[in-house]
Structures are given as C-alpha cells and as structure tokens.
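Trainee: What follows is a protein structure lacking sequence information:
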C-alpha cells in the first residue's frame, strides 16, 4: 500500500491580507417596501405600522409557502404559544389561531394599542424561561 503525499499550500496568518465578509443582514421590511401601505395585520386587524413581518401559516419546515402580514408583536405571540408541529397541524389558519383562548385574550388586549406598539412577549404559562 502506497500513500501519496500532496504538497500543502502555504496559508498566510497575516490577517491584514485577508478580508472577512460577513453575511449581509437584512433590516426588517417596512409596510411601504412591501406595498402594504393600507393593509391591516391579519391577526389583530390593526393598521400595519413601519415594521411588518410575514408569518407562514404552515411553517416552512413543514412545507408551507403562504404568508400573511403581521405586526412583530403579533408574530412573536403566535410563536410563543405554539410549536411548529402545532402550527402545521392545528393552527394553520387565522381563524383557528384567533379561536384559541390565549390568542383571543392577546388580540383583545393588543387592539387597544397603537400600530407601532411593541412589548416583550412572554412564553406561554407565564414562566421566566431559562436562568
């Protein structure tokens, strides 16, 4: 058995010669960029503010492609209450989401807030999470 040894290319350790290009991070899209200037949040019905997030009714991991525009706080609330599997199987329409008691209470509360309102969303059960 013979081993073939290939020459190794020299690598410079001088960082000034190497340029590191981080992946670009896209800022959140605004309603005007999405063309949704007069649109309303699909969950709470309030007018969309400057920041709009798109929620996949069936998660992308489960093959979903259809999206609806939501306020960031509404989007975060959905994902704080339901797992990806629950969203795919039981809560894959706006109607089933709004029928859930915890979501209905949230919608009643958030409808009293202005369009750009945002507050930290807690996980279901009122727990404090990991410490």
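Mentor: Right, received. Where do you want to start? None of the values given here were measured: they were computed from a predicted structure.
Trainee: Confidence-wise, which helix or strand of the protein is lowest on average?
Mentor: helix 31-34 (a mean of 48; mean pLDDT, DSSP states H and E).
Trainee: what's next to whichever helix or strand comes after it, contact-wise?
Mentor: Later in the chain than helix 31-34, the nearest helix or strand by DSSP states H and E is strand 53-56. If you take CB atoms under 8 Å, 6 or more residues apart in numbering as the criterion, strand 53-56 is touched by 28, 42-43, 64-72, 75, 78. Backbone N, C-alpha and C define where each C-beta goes, glycine included.
Trainee: Quick one: which of those is the most crowded by neighbours?
Mentor: residue 71 (26 neighbours; other CB atoms under 10 Å).
Trainee: Can you check what pLDDT the model gives the residue lying closest to that one once chain neighbours are set aside?
Mentor: Using CB to CB, 6 or more residues apart in numbering and skipping the chain neighbours, the partner closest in space to residue 71 is residue 41 (4.9 Å). Confidence at residue 41, expressed as pLDDT, is 93.
Trainee: ok, now which ones touch the closest residue to residue 110 other than its chain neighbours?
Mentor: Distances taken as CB to CB, 6+ apart place residue 44 nearest to residue 110, at 5.2 Å, with adjacent residues excluded. Shown in contact with residue 44 (CB under 8 Å, 6+ apart): 71, 74, 107, 110, 111.
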